[in-house]
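> Predicted model follows, preceded by the sequence.
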Amino acid sequence: LKADDIFLLALYVIPIAVIGARLYYVAFAERTYTFWEIFKIWEGGLAIYGGVIGGAIGAALYCIIHKKNFLLVADVIMPSLILAQGIGRWGNFVNGEAYGYEVTDPAWQWFPFAVDIDGTWHLATFFYESYWDIMVFYVLMIVYSNVKKNGVTMCGYFIGYGIGRAIIEGLRTDSLYLWNTGIRVSQALSILLVIGGIIGLILIYTIKRKRGVGEELEKDDSIKTD
């Protein structure tokens, strides 16, 4: 991929990612939005998972139109995506949002374990996720640099981010719920991501292995025929 490819990719990904982030939030928010209120993103209400889903759709469109390998493009994107998520979580600190349950024990009322929100201490879940995302970023960079199979880095993102988000989401007090089910949407989606990542790795290595065995058999047969 060249630099121009990345800039062109961004033209597909960014607009659809913003739309996805907004629709995801509106779909699962407790309040009801009017049609015109949906467009008022400056009033708040964007969800990172919706952005990731929208971005994936944009990347898929880019790959289809410009005949690129989706797994290759996804592998290029994932380390940067998880790093951006880790940095972006500090916006929650600035806004005083995305925190966890109240911390009543004074012994634990210190940052970064907890954060003071309007005089009340809460679990600093935004920091937990930021720290986790940056660790996953380093792991993905190692994987990307050493593993040549397309799709492995993408699956690593699914598993790494999914595990961290599933755990941390359970500590937050502002989760979006699957309507009246009591199920945290992002937590359920995180678990599905982990499962999908594991299945993806199995398929990548199983398919490659079968192809390799098939090629070896073909070579053996050709030798016998000659």
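Sure thing, it's come through. Numbers count the residues shown, from 1 in each chain.

> quick one, what contacts the closest residue to L201 other than its chain neighbours?
Excluding its sequence neighbours, the residue lying closest to L201 (C-beta to C-beta, 6 or more residues apart in numbering) is C155, at 4.8 Å. Heads up, the C-betas are built off the backbone N, CA and C, glycines and all. Counting by C-beta atoms under 8 Å, 6 or more residues apart in numbering, C155 touches 196-198, 200-201, 204.

> Including pLDDT, could those residues go into a markdown table?
Formatted as a markdown table, the entries for the contacts of C155 read as follows, by pLDDT from 0 to 100:
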| residue | pLDDT |
| --- | --- |
| G196 | 97 |
| G197 | 97 |
| I198 | 97 |
| G200 | 96 |
| L201 | 96 |
| I204 | 93 |
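
> Quick one: name whatever helix or strand follows the helix or strand containing G20.
Taking DSSP states H and E as the definition, one finds G20 inside helix 3-28. Using DSSP H and E, the helix or strand that directly follows helix 3-28 along the chain is helix 48-66.

> Give me the helices and strands touching that following helix, please.
Helices and strands touching helix 48-66, by 3 or more C-beta pairs under 8 Å, 6 or more residues apart in numbering; DSSP states H and E, are helix 3-28, helix 70-88, helix 185-225.

> Can you give the contact residues for that helix?
Under C-beta under 8 Å, 6+ apart, the answer for helix 48-66 is 5, 8-9, 12-25, 68-70, 73-74, 77, 81, 85, 88, 185-186, 189.

> swap the cut-off to 6 Å and go again
Identification of contacts with helix 48-66 by C-beta atoms under 6 Å, 6 or more residues apart in numbering yields 9, 12-13, 16-17, 19-21, 24, 70, 73, 186, 189.

> can I get those in CSV with neighbour count and distance to A60?
Formatted as CSV, the entries for the contacts of helix 48-66 read as follows, by neighbours: other C-beta atoms under 10 Å; distance: C-beta to C-beta, whole Å:
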residue, neighbour count, distance to A60
L9, 22, 11
Y12, 19, 9
V13, 24, 10
I16, 21, 10
A17, 23, 12
I19, 17, 15
G20, 23, 12
A21, 22, 17
Y24, 24, 17
F70, 16, 6
V73, 22, 9
S186, 23, 22
L189, 20, 18
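
> In terms of distance to D133, which of these ranks first?
Distance ranking of the contacts of helix 48-66 against D133, using C-beta to C-beta, places S186 first at 14.1 Å.
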